[in-house]
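Q: Quick one, fold the following:
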Amino acid sequence: MDDFLLLSKDTPIVKIVSGETIPLLPERLPLFLKRTGDTRSWLESRAIDYHRTNSRLLKKALRLERRDDLTAVLAVNAATITDNYWVKPLSDETTRHEDVRFKVNMFDALALTGDVNSFDRPPSRTPELTNTGSFEKCWRIKDGVWRMYKAGKPEELFSELLAYQIGMLLGFPMAEYGAAGAFIVSRDFTDNARVDFEPASGLIGDESDYVKIYEILRTVGENIAEQYVRMCYFDGLIFNMDRHENNFGVLRDSDTGEILSLAPFFDHNIALVARGYPSGAPNDMLISDFAALLRHTETAFRVRGLSEEELLEAARSVPFDPPVTEAVPDPRSFTARYLFERQRALEEQCRGLLILA
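A: So this is what the prediction gives:
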């Protein structure tokens, strides 16, 4: 790897010399680098997922000399939509942040749908090379606002949008979601990097134990840990099987490095009925793990209780149609009932510490 300067906006943060990380402003370091000092891994973590079919098409259309993660990231100076970090060669004294920020995206259709017409376009800077995650998606900008469009099966899109509706009913901090034809669309919750989003991996590594994560977050701030408890309740309620260290995180002040809050809750397309219709009463690890977390905190958790009627109304408002089966002729009613049962199971397992108001 060549020698680079890592910046936040136009402020140098780190020198990377012969692979060694030399901090210039330690308080502004990306959290992953603070924890590990591993610059290469941090850079590679910002790359588009090579398992996505359209990722391979995108790299071919952009004529990248190599198609590895590091090459993809460095092709756009490691810049992303959702934070202000970027890199340039140590010898480069002219490039500025404004030069590397994304203002257009000519390869959105290729990234989202594999659009063949995109192969006619000359290569250009695109945020798709640093658009992480395993589902086909893209960034699009309109009126100065970036929005992410994501593809999926009807049951995945239904589950994602219904999860958003439920989170809003509960008053939780939710990333904004909506329907856009055959896709889900989500507004950039950093408001074009007005604040920096950093994945939780920067703080917790690949830790998955609720209690251990809670204790790590307490060292950052009690408010962050309390917000994490809310997220774990939400995951337990909506049967979110795919919460991991890269689909939640924190927001930081991009000028000071201060951690402000947990990021809005996002990425719930492997929840609810996205992977089929559960056949039994809810009694799974998401519920028991949340109960164990709540007992660890020794603090009562008060949250709004949702009626089955409210849940059914929310399910009926979602424009995507999960599949009808012989066992589940009315998927919306089934989902509302299942959610209500999960809410009751959470209350029972938390033994008085969970208060449905």
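Q: Who are the contact partners of the closest residue to A151 other than its chain neighbours?
A: Excluding the flanking residues, the one nearest A151 by CB to CB, 6 or more residues apart in numbering is E136, at 4.4 Å. Where you see a C-beta, it was placed from the backbone N, CA and C, and this is true even at glycine. By CB atoms under 8 Å, 6 or more residues apart in numbering, the residues touching E136 are R52, T53, N54, A111, L112, T113, G114, K150, A151.
Q: Do I have it right that the third one meets V116?
A: No: in this structure, N54 sits apart from V116 without contact. The criterion is CB atoms under 8 Å, and the distance is 11.4 Å.
Q: The longest helix anywhere in the chain: what's the following helix or strand?
A: For the chain, the longest helix by residue count, based on DSSP state H, is helix 331-349. From helix 331-349 onward toward the C-terminus, using DSSP states H and E, the following helix or strand is strand 354-356.
Q: so what's D188 closest to, chain neighbours aside?
A: Excluding the flanking residues, the one nearest D188 by CB to CB, 6+ apart is W146, at 4.1 Å.
Q: what's the spacing between that neighbour and K103?
A: 10 Å (CB to CB, to the nearest Å).
Q: Who has more neighbours out of those two?
A: W146 (20 against 9; other CB atoms under 10 Å).
Q: Tell me the secondary structure of the more buried one, please.
A: When classified by DSSP: H, G, I helix; E, B strand; the rest coil, W146 comes out as strand.
Q: ok, now D255?
A: D255 ends up coil, using three-state DSSP.
Q: What is the nearest of the contacts of E136 to Q343?
A: Checking these against Q343 by CB to CB gives K150 as the nearest, at 26.9 Å.
Q: so what's the residue lying closest to the closest one once chain neighbours are set aside up against?
A: Spatially, and ignoring its direct neighbours in sequence, K150 is nearest to K137 (4.3 Å; CB to CB, 6+ apart). With contact set as CB under 8 Å, 6+ apart, K137 has these partners: A111, L112, N131, M148, Y149, K150, A151.
Q: so which helix or strand takes in the fifth one?
A: Right, Y149. Counting by DSSP H and E, Y149 is part of strand 145-150.
Q: can I get the CA coordinates of whichever helix or strand comes after that strand in CSV?
A: Going down the chain from strand 145-150, the next helix or strand is helix 154-170, by DSSP H and E. C-alpha atoms of helix 154-170 as CSV (Å, rounded to 0.1, in the frame of the first residue of the first chain):
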residue,chain,number,x,y,z
PRO,A,154,-41.6,-8.4,-1.6
GLU,A,155,-41.4,-10.0,1.8
GLU,A,156,-38.1,-8.3,2.6
LEU,A,157,-39.4,-4.9,1.4
PHE,A,158,-42.7,-5.4,3.3
SER,A,159,-40.8,-6.3,6.5
GLU,A,160,-38.4,-3.3,6.2
LEU,A,161,-41.1,-0.8,5.7
LEU,A,162,-43.4,-2.2,8.4
ALA,A,163,-40.5,-2.2,10.8
TYR,A,164,-40.1,1.5,10.1
GLN,A,165,-43.8,2.1,10.7
ILE,A,166,-43.6,0.3,14.1
GLY,A,167,-40.5,2.2,15.1
MET,A,168,-42.3,5.4,14.4
LEU,A,169,-45.3,4.3,16.5
LEU,A,170,-43.0,3.6,19.4
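Q: helices or strands up against helix 154-170?
A: The helices and strands touching helix 154-170, judged by 3 or more CB pairs under 8 Å, 6 or more residues apart in numbering; DSSP states H and E, are strand 177-180, strand 183-187, helix 222-238, helix 308-316, helix 331-349.
Q: Mind listing what's buried along that helix?
A: Neighbour counts over helix 154-170 (16 or more other CB atoms under 10 Å) mark 154-167, 170 as buried.
Q: Please apply the same query to stretch 246-253.
A: N247, F248, G249, V250, L251, R252.
Q: pLDDT score for the nearest residue to D330 once chain neighbours are set aside?
A: Nearest residue to D330, sequence neighbours excluded (CB to CB, 6+ apart): V324, at 7.8 Å. Reading off the confidence values, V324 has pLDDT 97.
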